[in-house]
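Enquirer: Coordinates only, no sequence provided:
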DNA sequence: CCTGTCACG
DNA sequence: GACGTACGTGACAGGG
């Protein structure tokens, strides 16, 4: 961020100069004006909101029309804000924090306005990390220095500082030109002092603080009296009015910071010159094509008339859109329609088809489920429902009942390299959307084959954003539910169990119907889901929390984490020995030999043979022997205590020290987990194969397993975790002043809670009272119940209920929040996170215990889900933020991110990652409680955590 | 394949 | 008044 800000603008041999006239259009202003000026129009064929795009095109059209006179521009550009933060957020993290997020139905229109600009053949510019204003400022300065004229088409007062010496502004709405006198009228000072006035007056819209109590009028008065802001601040003591004097002296730093916020950057390194902005005539075909694809009938006709061309007819529903939509007329599934692509000519015709449509559903077939190991076997494509193909690439010859198989390739397949070389430009083309079901898998396969697939859409993630909580998001579920079609089971091709074969052994003729069908299903699901995003108001969730996370996770997974096999192996041996000893002792105590690992046999020993109290049988008729029950027995008897010890070791050995070794990739020497983005209903992710989100930490013995997770040579592991994030979110959403204050002051939140409910002064706090309060705090997040708290604290139920009652007495706002949340869930059938993620709660209407279950889940979901959204936002921004560092993000554990970085860059990485994590809610949500991130480092995960 | 158990946040 | 109960996950072992 902010790099190259001081770069000089050595303008190489430019043709721009005297007599030239540059028009700079503030694109964002155009968009918002168009959005608010027009009713919410939608594209007829598919319901895509396009009101703002229509207005935007009208305004561009008018610009072109009106500028044919003697004052016509020679150069023109539309400048956009790049989404995300600008360098100003580094100066002041609340900059523009007051801005509400863009309306849902406007979001999908942003990229379309860029497309529109290009269709008009007007230069379309945006630069990451900078606001449109800075680009406009730099261009205006360059043009002025070159001796040309500039018209800035915007009414943004922030741009008025640029006016003068040939630079003017034009308010397109009022059709009013603003020159130096116009600026003086507005600000009371000339353009060169506008920033001084703004620095003093501040701006509530952009959240520029300024000097409290001083508006534009007063600011102008002061600046005119003292000449400049600097002189004013230096001589502030001379101000006559005591109040004003005090304000200026006290807020000097804030005023100076405000000036840097409003001061536009005229010295940006743009990466393009003024010559690029020279006016060009639009290509009629491109422009008419765009306008008609938007289904703008009037605009299309007007433009065609002007050129004396025939306007393309726009059917009530374009064939393309009709085909893309899952309409009742969509063809039924018919595997006979699928084709097998066996040569370059066949593939080329599909590539042509893809380029014609601009999107394609893609699916890969591989030899296994581990994308770090599996090899590509074939690729299927689909562009229209019912029309799909399969490209077999590495199927093996020989029938599947050939015991030894054959390593020779089957006949009638394209050469792998040739096919990939042909597909690569399409799969990497930024203008062609690649649609997949669980695209992360396919993208990882493609990366290993030298192809970086982008941009992508993912039907699994679309379903998750749209239908989270309602059902699973696997292809089979979605196909049955939304297409009323049962896909061909993979088992029918591969078989099951020991005799299962890999996909490369499937005969090509059997593979085509299966593989092509998957692409067909994916395309049909996409056609159905995509338009629903804005209808259900989850475009932002999908576009900011789901889609951009895919490449981030893929990178983390591919990188993996180094795990030391010897450490694990030694631990396994130690556990074996200890377990053998315990087992012997347990058999001795029982008076017979039995399987300690069998709850059934253990129950019979404990409750039948030894007749210990508390034997309760569960649904299956077996005695329950859970840890809680054994712990109760352990106070009186040795055997259950030994079983508990044995179980802990057994768990650690089988699940961790043994199993993890099997997950070390022989090629990389590292462990590569797989994250399932749709793993939890709340927005959390799940990790599997292996699960690296449940590596032991609570017990001393278990925590040592983390010593096997090590940094690569010369590197260290960094762990950054959000402190108390869920309680902070609760304090924010339930708006509890006492909790918010405690977090703002950095107090111990559990001790504070304990002090409030148990009336114990903080100075006299004991660890036991604090422990109880901590349990209550967690209980609150989970939708507290007397029974649950009682069980957790091992206290009588009545006592637990008393704690809860007192808690709600002290924090009535929490109860209010819970009641409101449940009521919302009942009314709408879902609850929401602060970032708009919807979590459906279909069980809320049920009767009996299921309803209470759903209630607690509904209370928990917005809190857990908001925390999940926060860390997702941090993860999405992280790769770019640490791109200049040799650091890698390795793992996510719900509220923790683990990094690997050379020792030389530890401090810088901590600083950067912490800034991203702590600011992750901004600017979409302004948290009234600070998010705090704690950092640790070490040679292994145990030390870092 | 289901259940119980237990590891994590 | 009875019902059951803290929220969210994944892996492993035993036992049908």
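Expert: Happy to help now that I have it. Because the structure is predicted, anything quoted here is derived from the model rather than measured.
Enquirer: what's the average pLDDT for stretch A:106-113?
Expert: The average of the pLDDT scores along stretch A:106-113 is 87.
Enquirer: So which other helices or strands are in contact with the host helix or strand of residue A:232?
Expert: Using DSSP states H and E, residue A:232 falls within helix A:229-234. Applying 3 or more Cβ pairs under 8 Å, 6 or more residues apart in numbering; DSSP states H and E, we find helix A:229-234 packed against helix A:194-201, helix A:216-226, helix A:252-262. Heads up, the C-betas are built off the backbone N, CA and C, glycines and all.
Enquirer: swap the cut-off to 7 Å and go again
Expert: Judged by 3 or more Cβ pairs under 7 Å, 6 or more residues apart in numbering; DSSP states H and E, helix A:229-234 is in contact with helix A:216-226, helix A:252-262.
Enquirer: What lies in contact with that helix?
Expert: With Cβ atoms under 7 Å, 6 or more residues apart in numbering as the test, helix A:229-234 has contacts from A:196, A:199, A:222, A:223, A:226, A:248, A:252, A:255, A:259.
Enquirer: Which ones among those residues also lie next to DNA strand B?
Expert: Filtering the contacts of helix A:229-234 for proximity to DNA strand B by Cβ under 7 Å from any atom of the strand leaves nothing.
Enquirer: Now the two most distant members of the residues you listed.
Expert: Farthest-apart pair in the contacts of helix A:229-234 is A:223 and A:252; separation 15.3 Å (Cβ to Cβ).
Enquirer: continuing past the helix or strand encompassing residue A:570, what's the next helix or strand?
Expert: Element membership of residue A:570, judged by DSSP H and E, is helix A:565-590. As assigned by DSSP H and E, the chain's next helix or strand after helix A:565-590 is helix A:599-603.
Enquirer: List the buried residues in that next one.
Expert: For helix A:599-603, the neighbour count (16 or more other Cβ atoms under 10 Å) marks A:599, A:601, A:602, A:603 as buried.
Enquirer: Which one of those is nearest to DNA strand C?
Expert: Taking Cβ to the nearest atom of the strand as the measure, DNA strand C lies nearest residue A:601 of these, at 4.9 Å.
Enquirer: is any part of the helix holding residue A:570 close to DNA strand B?
Expert: No. Residues of helix A:565-590 contacting DNA strand B under Cβ under 7 Å from any atom of the strand: none, with a closest distance of 11.7 Å.
Enquirer: Report the distance from that helix to the chain centre.
Expert: Computed by Cα atoms, centre = their mean, to the nearest Å, the separation of helix A:565-590 from the middle of its chain amounts to 44 Å.
Enquirer: What is it packed up against?
Expert: Helix A:565-590 is packed against helix A:638-651, helix A:659-662, with contacts defined by 3+ Cβ pairs under 7 Å, 6+ apart.
Enquirer: Let me see the mean pLDDT of that helix.
Expert: Mean pLDDT, helix A:565-590: 94.
Enquirer: That one: which residues count as buried?
Expert: A:567, A:568, A:571, A:572, A:575, A:578, A:579, A:582, A:583, A:586, A:589, A:590.
Enquirer: May I see the buried residues of stretch A:726-738?
Expert: By neighbour count on 16+ other Cβ under 10 Å, the buried set for stretch A:726-738 is A:726, A:727, A:728, A:729, A:730, A:731, A:732, A:733, A:734, A:736.
Enquirer: from the middle of its chain, how far away would that stretch be?
Expert: Put simply, stretch A:726-738 sits 23 Å off its chain's centre (Cα atoms, centre = their mean).
Enquirer: residues in contact with it?
Expert: Contacts for stretch A:726-738 (Cβ under 7 Å, 6+ apart): A:739-740, A:743, A:749, A:756, A:777, A:780-781, A:811, A:813-814, A:817, A:834, A:862-864, A:866-867, A:927-929, A:931.
Enquirer: Run through the stretch 401-550 of chain A and note the low-pLDDT ranges.
Expert: For the stretch 401-550 of chain A, the stretches with pLDDT under 70 are A:401-406.
Enquirer: Tell me the confidence at the residue in the stretch 151-300 of chain A positioned nearest to DNA strand C?
Expert: Taking Cβ to the nearest atom of the strand, DNA strand C has its nearest neighbour within the stretch 151-300 of chain A at residue A:207, 35.1 Å off. Listed pLDDT for residue A:207 reads 73.
Enquirer: Run a quick neighbour tally on residue A:344.
Expert: 15 (other Cβ atoms under 10 Å).
Enquirer: Make sure it is actually in contact with residue A:418.
Expert: Yes. Using Cβ atoms under 7 Å, residue A:344 is in contact with residue A:418, at 6.4 Å.
Enquirer: residues contacting the residue lying closest to residue A:413 once chain neighbours are set aside?
Expert: Closest residue to residue A:413 apart from its sequence neighbours, by Cβ to Cβ, 6 or more residues apart in numbering: residue A:392 at 4.8 Å. Residues counted as contacts of residue A:392 (Cβ under 7 Å, 6+ apart) are A:340, A:378, A:413, A:508, A:511.
Enquirer: please redo it, this time with the cut-off set to 6 Å
Expert: Listed by Cβ atoms under 6 Å, 6 or more residues apart in numbering, the contact set of residue A:392 reads A:378, A:413, A:508.
Enquirer: okay if I get the residues you listed as CSV plus neighbour count?
Expert: Formatted as CSV, the contacts of residue A:392 follow (neighbours: other Cβ atoms under 10 Å):
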residue, neighbour count
A:378, 28
A:413, 21
A:508, 17
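Enquirer: Where does pLDDT dip in chain A?
Expert: Residues of chain A meeting the criterion pLDDT under 70: A:1-13, A:83-87, A:90-91, A:93-101, A:173, A:205, A:315-329, A:399-406.
Enquirer: who in it is up against DNA strand B?
Expert: Contacts of chain A with DNA strand B, taken as Cβ under 7 Å from any atom of the strand, map to A:599, A:618-620, A:622, A:624-627, A:630, A:644, A:647-648, A:651-652, A:655, A:693-699, A:702-703, A:864, A:893-896.
Enquirer: A ChimeraX selection for those, restricted to the buried ones, would help me check which they are.
Expert: With 16+ other Cβ under 10 Å as the criterion, this ChimeraX line picks the buried residues out of the residues of chain A next to DNA strand B:
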select /A:599,624,625,630,644,647,648,652,655,693,695,696,702,864,893,894,895,896
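Enquirer: Which of the residues of chain A next to DNA strand B fall in strands?
Expert: Counting by DSSP state E, the residues of chain A next to DNA strand B place residue A:896 in strands.
Enquirer: Run through the residues of chain A next to DNA strand B and flag the ones next to DNA strand C.
Expert: The residues of the residues of chain A next to DNA strand B that also fall near DNA strand C, by Cβ under 7 Å from any atom of the strand, are A:655, A:693, A:694, A:864, A:894.
Enquirer: tell me which of those is nearest to DNA strand C?
Expert: Proximity of these to DNA strand C was ranked by Cβ to the nearest atom of the strand; the top entry is residue A:655 with 4.2 Å.
Enquirer: Sweet, I'm off.
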